[in-house]
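K.L.:
how does the following fold in three dimensions:
(2 chains)
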Protein chains: 2
Amino acid sequence: MHLVTGGAGFIGSHLVDALVDAGQKVRVIDNFSSGREEFLSHHEDSGRVEIFRADLLDRDAVKKSMQDVDMVHHLAANPDIRLGTEVTDTDLKQGTLATYNVLEAMRMEGVSRISFSSSSAIYGEADQMPTPETYGPVMPISLYGASKLGSEALITAWAGTFGAEAWIHRFANIVGPRGTHGVIFDFIHKLKRDPSRLEVLGNGMQEKSYMSAEDCVKAMIHLIGHCDKNVNLYNLGTGDTCSVRRIAEIVVEESGLEGVSIEYTGGDRGWAGDVPKTSLEVSRLLETGFKPNLASEEAIRHTARALISEIGL
Amino acid sequence: MHLVTGGAGFIGSHLVDALVDAGQKVRVIDNFSSGREEFLSHHEDSGRVEIFRADLLDRDAVKKSMQDVDMVHHLAANPDIRLGTEVTDTDLKQGTLATYNVLEAMRMEGVSRISFSSSSAIYGEADQMPTPETYGPVMPISLYGASKLGSEALITAWAGTFGAEAWIHRFANIVGPRGTHGVIFDFIHKLKRDPSRLEVLGNGMQEKSYMSAEDCVKAMIHLIGHCDKNVNLYNLGTGDTCSVRRIAEIVVEESGLEGVSIEYTGGDRGWAGDVPKTSLEVSRLLETGFKPNLASEEAIRHTARALISEIGL
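P.N.:
A predicted model of the protein is given here:
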C-alpha cells in the first residue's frame, strides 16, 4: 500500500493517478484544505484508492494512516507560497511540523520508505544558474522555502538516525490541470474578472523553471525505481526556463481574448520572498535515463489550456 | 541592549562575559534547563546583566524580552545531541520552534538583527573535507543537526521576507569551562565513577574540529562587527581536528590518574546520528582577520583542566 499525503491536491492527485496506472493500491490522507474530492472522483469505482480525511497535525490519525503501508509519498503542504508574507505559522505547521508527524508515525509503525516533494525554493537567490543539487549554502528567502528545507533536514536526520530510506525531489514550478495556485491560475482568474486587462506582479522579467505535473510524478516514480541510496536527492525540472512576461502572453493567446492590455506593477519580484529567477540544473535527473515530455513553455501552454477549460472564461 | 537566548548556558554565558567586557548591556533569557545561575553570578553586582527566566516556547515571554533590544544572540538549544536518538521532539521544540518564536517576536517588536549559533552538524557526513560553507547538499544525520538547519532556513526566510539582518555561525565542537555536555565532560564523569578505566564510545577514530568557547564568542562578535551583508554565514573553527582517542589520552593525562585502561566499545561512531569525522574549512573566517588563540588540541587540554577542576576528580 502506498500512502500519499496531500493526495487530493494538485500534484498529489496526479501522483495517485500514476501509482494506480502502475498497478498500486493507494491510500490518500488529506485535510481537503486545498485538495478536492473531484480530483480523485475518477477512482471511485476502481477500489484502488482509499481516502482518509485527516489533518497531518492530528498525530493519532497520521499513525492510523500508516497501517499496511510500504511507502509514504509526502506531498501535503501549504500550496500558497505568498501567504507566508502575511501569516507566518502556516508553512511551519503544514510544512515542518506535518513532516515531523509523518516521520514519527513512520518510525512508530515501522514504515521506512519516504518520497518527499521539496522545492527549488530552498535555494533562495542562488548565485549559480542553473543551480545543481550540490549548491550551497542553501538560503531560502520565503517561509515556504524554509519549511521545505526544514522538512528535508528532518528526513535526512530520520535516515541517519533511524534508518529511513528517502527520496527527496526538489521541484521546479510544477504546472498542469487541477492547479489551484500559481501564476497561470492567477492570470486566468484575473482575466475572468476583467477580460480587458491583465495585471502582472513585478516587471515580468521573473524567470523560472517549469515542469508539467505529469512529468513530475513520472520522474518521482522513476527515481524511486532507479535509485537506492540511503538518501536520494534530485532536482526535478526540464532544464529550461520561461519568463512571467511570456506566461502572460501565452495565457492571453490561449484565452482567445482580443485587445487584452498586459500591465506590470514593476519591481524585480512579485512579492517579498519571491525568487526573481530560478533555473534548475537537471543533469543528475537526466543521467538516470528520465526524459520529460514537455519543456517549460509547452508545459505552460498545456496548463493554460487545461485551466481555462476548468475555470471557464 | 543585547538579548542572549540561552545566556545562562555554556556558550551563552561566555558570550555574556564577552559582551559585558565590550561595554554592552545584556539581557539573558533562559529556562535554566541546562543553564546555571552560577555561570552568571560574577555579573550580579555589575548592573549590566538582566536575567529573564522563561522558556522560548512561551511566546508572550519572548515578546516581552525584546523590549529595548537592538540585537538578538540566539544560542538557546538542547545541548544533548545524543538525546534525539531516544526523544524525537526535543530538538524540534527547543530548536526549530524556539527559533520561530524568537524571529516572530523580533518581527512584532521591530528588532531586526539576529546572530545565531548553528552547527557543523548540518553538514552530516560530508564528502568534502575540510567542509566549506558552500558545501551542498547539506544532509544532517542527527535530529540536533536537523533543528539547526531548520532554524537557519527560518532565519534566511525572515531576512528575505521581512528584512531581518542575520549572522549565522556554523560552530565546530565548542569546548571550554562551564561545559555541561560533550565528550570531555563525559570522560571526566566516567573517571570520577571509576578511576581505573575509561570507556570510549566507538573505536576512538572519530575525528572532529574543536574550538574554545572563548575563541568562539570572540569570533561571533568579530563577525558581527566586520560583516554587514543581509545574511552573513561562516564556519567557526580552528582549521584542524582532534581524534576521540587523543581526547581520551589528554583527559587521562590531565586527570593525574595512573594506570587508567582506555577501552573502546568499537564501531565507527558513538551512536546513530553521530558524525564520525568533521573537519571545517575556516578560511572564510580567517580572511576577515580573525585568528583563534587555541588550536583544537590546546582547546581540549585547557577544557580538560578546567572541567576537572569544576567537576572534581
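K.L.:
for the rest of this, base every contact and every neighbour count on C-alpha atoms.
P.N.:
Will do.
K.L.:
how close does the nearest residue to A:Phe171 once chain neighbours are set aside sit to chain B?
P.N.:
Leaving aside its chain neighbours, A:Phe171 sits nearest to A:Ser119 (4.4 Å; criterion: Cα to Cα, 6 or more residues apart in numbering or on different chains). Using Cα to the nearest Cα, to the nearest Å, A:Ser119 is found at 13 Å from chain B.
K.L.:
got the phi and psi for A:Ser119?
P.N.:
phi -150, psi 150 (degrees, to the nearest 10).
K.L.:
so A:Pro292 makes contact with A:Thr238?
P.N.:
Yes. Applying Cα atoms under 8 Å as the test, A:Pro292 and A:Thr238 come out as touching, 6.4 Å apart.
K.L.:
those two: which has the busier surroundings?
P.N.:
A:Thr238 (27 against 19; other Cα atoms under 10 Å in any protein chain shown).
K.L.:
so who does that one touch?
P.N.:
A:Ser209, A:Tyr210, A:Met211, A:Val282, A:Pro292, A:Leu294, A:Ala295, A:Ser296 (Cα atoms under 8 Å, 6 or more residues apart in numbering or on different chains).
K.L.:
how about the first one, nearest residue that isn't a chain neighbour?
P.N.:
The spatial neighbour of A:Ser209 that comes closest, neighbours along the chain excluded (Cα to Cα, 6+ apart), is A:Thr241 at 4.2 Å.
K.L.:
report the distance from the helix or strand containing A:Ile224 to the chain centre.
P.N.:
If you go by DSSP states H and E, A:Ile224 is part of helix A:213-226. Mean-position distance between helix A:213-226 and its chain equals 13 Å (Cα atoms, centre = their mean, to the nearest Å).
K.L.:
may I have it as CSV, with CA atoms only?
P.N.:
Presented in CSV, the C-alpha positions along helix A:213-226 are these (Å, rounded to 0.1, in the frame of the first residue of the first chain):
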residue,chain,number,x,y,z
ALA,A,213,2.7,17.7,-13.2
GLU,A,214,2.5,14.6,-15.4
ASP,A,215,6.3,14.7,-16.0
CYS,A,216,6.9,15.5,-12.3
VAL,A,217,5.1,12.4,-10.9
LYS,A,218,6.6,10.2,-13.6
ALA,A,219,10.0,11.5,-12.6
MET,A,220,9.3,10.8,-8.9
ILE,A,221,8.2,7.2,-9.6
HIS,A,222,11.2,6.7,-12.0
LEU,A,223,13.7,7.9,-9.3
ILE,A,224,12.2,5.6,-6.6
GLY,A,225,12.7,2.7,-9.0
HIS,A,226,16.2,3.6,-10.2
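K.L.:
give me the buried positions along it.
P.N.:
Under the neighbour-count criterion of 16 or more other Cα atoms under 10 Å in any protein chain shown, helix A:213-226 has A:Ala213, A:Glu214, A:Asp215, A:Cys216, A:Val217, A:Lys218, A:Ala219, A:Met220, A:Ile221, A:Leu223, A:Ile224 buried.
K.L.:
ok, now stretch A:86-96?
P.N.:
Buried residues in stretch A:86-96, counted by 16+ other Cα under 10 Å: A:Asp89, A:Thr90, A:Asp91, A:Leu92, A:Lys93, A:Gln94, A:Gly95, A:Thr96.
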